[in-house]
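**Student:** below: sequence and its predicted model.
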Amino acid sequence: MALFNLKTNKKTRKFLRKNMTRAETVLWRELRRKNLGFKFRRQFGVGPYIIDFYCPQLKLAIELDGDVHTFKSIRKRDKIRQKFLESNGLYIKRYWNSDILNNLDSIVDNIYNTCRHLSKLKPKENLELLKSPPKIRGRLQRGLE
């Protein structure tokens, strides 16, 4: 049975890519084009769910949560969703939209470290990747490099 990018939610995925939240847009600028050394996809379908960002190589799903996720009913749905994703071998990282907008650099570093941990790279195979994160577009402007 097919699990990824089902045709039944193709229009929804396309709509979500064209109408990303501000936090999703900001984070996508950092994840796209293998800026962290890994390919990410946005609005990726897994079963009946659509994940904000997904790295197929690492089976890493990144979910951004807004204020609506503080409601009890939404948290319950999030738990069900997370159990489904984890039962299919995915590792899930969740971040609040406000953290993305106010603390982007530490979130990007956390994602990079998670990717590095999940990839279980051997130092001999990829020394450059292990030394430090690749220069990310815009980080020089923010005075981080």
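**Tutor:** Noted; the coordinates are in hand. Numbering: from 1, shown residues only.

**Student:** poorly predicted segments of this protein, please.
**Tutor:** Residues of the chain that meet the criterion pLDDT under 70 lie in 1, 121-145.

**Student:** just the strands in it please.
**Tutor:** For the chain, the strands defined by DSSP state E cover 41-46, 49-55, 60-65, 91-96.

**Student:** mind checking the ones you listed for the one nearest to residue 6?
**Tutor:** strand 41-46 (5.5 Å; CB to CB). The C-beta positions use only the backbone N, C-alpha and C, and glycine is treated the same way.

**Student:** what packs against the closest one?
**Tutor:** helix 10-18, helix 22-31, strand 49-55 (3 or more CB pairs under 8 Å, 6 or more residues apart in numbering; DSSP states H and E).

**Student:** which residues sit against that strand?
**Tutor:** Under the contact criterion CB atoms under 8 Å, 6 or more residues apart in numbering, strand 41-46 has outside partners 3-6, 9-10, 13-14, 16-17, 20, 24, 28, 31-32, 50-56, 61, 84-85, 88, 90.

**Student:** re the thing from before, reformat the strands of the chain as JSON lines; add mean neighbour count.
**Tutor:** Formatted as JSON lines, those follow (neighbours: other CB atoms under 10 Å):
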{"stretch": "strand 41-46", "mean neighbour count": "20"}
{"stretch": "strand 49-55", "mean neighbour count": "21"}
{"stretch": "strand 60-65", "mean neighbour count": "21"}
{"stretch": "strand 91-96", "mean neighbour count": "16"}
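
**Student:** format these as CSV; extra columns: distance to residue 74.
**Tutor:** Shown next, in CSV, are the strands of the chain (distance: least, CB to CB, whole Å):
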stretch, distance to residue 74
strand 41-46, 19
strand 49-55, 14
strand 60-65, 9
strand 91-96, 12
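
**Student:** export the helices and strands packed on strand 41-46 to JSON lines and tack on distance to residue 111?
**Tutor:** Listed next are those as JSON lines, based on distance: least, CB to CB, whole Å:
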{"stretch": "helix 10-18", "distance to residue 111": "19"}
{"stretch": "helix 22-31", "distance to residue 111": "7"}
{"stretch": "strand 49-55", "distance to residue 111": "9"}
